[in-house]
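>>> I'll drop the sequence and a predicted model, then ask my questions.
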Amino acid sequence: MGKTVICPGSFDPVTLGHLDIISRASKMFDHVIVAVLVNPAKEQSSFSIQERIELLVEATKGLDNIEIVSFQGLLAEYAKERNVTVIVKGLRAVSDFEYEFQMALTNKRINPELETIFLTTESKYMYLSSSIVKQIASLGGSIKGFVPDCVLDRIVERLSKKQLPENSED
Ligand code: PNS
């Protein structure tokens, strides 16, 4: 049987950084489950789970060993359910490290079979994140080169409808 891995994330929305990790994982493993999960630390999402799935499906059209799913509970439980023992995540700057390390160890504590492996980001995506994309688009800037071209218009249209609260500097 081939090796299946899970690439988990919030994907709110998918960026070129995410797509880079997913496509590299798809070359290394036989089957990649891209799991859209809720990150309780991120208070408000901009895209519904269904929208995030649709964007990911569109963005990964050229890759044939990818499955896009969503799950409401713990990642470690989902991995157990699917009989998957490897999680693949992207690691950007050092600032990601502590948070990712904590998640990897916690997931292993919940499900001791579960290993997390990290792919270092392409340097051009080092400072790219969904939050940065949302901030730029909501203030009218261009996010071309930050998100996959095939979903660019849809993301821009959706984000331009979202207004930041007045006087908000956060
Ligand atoms: O893209 P993100 O926000 O860095 O992804 C984080 C995510 C969604 C993978 C993480 O928050 C997660 O696994 N959420 C599911 C709930 C869970 O398992 N929490 C415990 C992780 S230690």
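Thanks, I have the structure now.
>>> hey, let's count contacts and neighbours off CA atoms from now on
Noted.
>>> Can you name the residues of this structure sitting close to the ligand?
Within the chain, the positions adjacent to the ligand are 8-11, 37-39, 73-76, 103, 106-107 by Cα under 6 Å from any ligand atom.
>>> Any regions of this protein where pLDDT drops low?
By pLDDT under 70, the weakly predicted segments of the chain are 1, 162-170.
>>> Residue 92 reaches residue 118, doesn't it?
No - applying Cα atoms under 8 Å as the test, residue 92 and residue 118 come out as separate, 9.7 Å apart.
>>> now for the residues of the chain next to the ligand, which pair is the farthest apart?
11 and 106 (20.9 Å; Cα to Cα).
>>> Compare these two (neighbour count), which wins?
Higher neighbour count among residue 11 and residue 106: residue 11, with 24 against 13, using other Cα atoms under 10 Å.
>>> I'd say that one and residue 52 touch.
Yes - Residue 11 lies in contact with residue 52 (Cα under 8 Å); the separation is 6.4 Å.
>>> Name the residues contacting each of the two.
residue 36 (Cα atoms under 8 Å, 6 or more residues apart in numbering).
>>> ok, back up a step: more neighbours: residue 92 and residue 118, which one.
residue 92 (20 against 14).
>>> Pretty sure residue 117 sits in a strand.
Yes - Residue 117 forms part of a strand when assessed by DSSP: H, G, I helix; E, B strand; the rest coil.
>>> Distance of it relative to the ligand?
13 Å (Cα to the nearest ligand atom, to the nearest Å).
>>> Skipping its backbone neighbours, what lies nearest that residue in space?
residue 88 (5.1 Å; Cα to Cα, 6 or more residues apart in numbering).
>>> Surely residue 63 is within a helix?
No - assessed with three-state DSSP, residue 63 is coil; it does not lie in a helix.
>>> then stretch 134-143 to CSV, C-alphas only?
Extracted C-alpha coordinates of stretch 134-143, given in CSV (Å, rounded to 0.1, in the frame of the first residue of the first chain):
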residue,chain,number,x,y,z
LYS,A,134,-6.4,39.3,3.8
GLN,A,135,-4.9,42.5,5.1
ILE,A,136,-3.5,43.6,1.7
ALA,A,137,-6.7,42.7,-0.2
SER,A,138,-9.0,44.4,2.3
LEU,A,139,-7.0,47.6,2.0
GLY,A,140,-7.2,47.5,-1.8
GLY,A,141,-3.7,46.2,-2.6
SER,A,142,-2.8,43.6,-5.2
ILE,A,143,-2.4,40.0,-4.0
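>>> Name the residues of the helix or strand containing residue 22 that are buried.
Using DSSP states H and E, the element containing residue 22 is helix 16-28. Across helix 16-28, burial judged by 16 or more other Cα atoms under 10 Å covers 16, 17, 18, 19, 20, 21, 22, 23, 25, 26.
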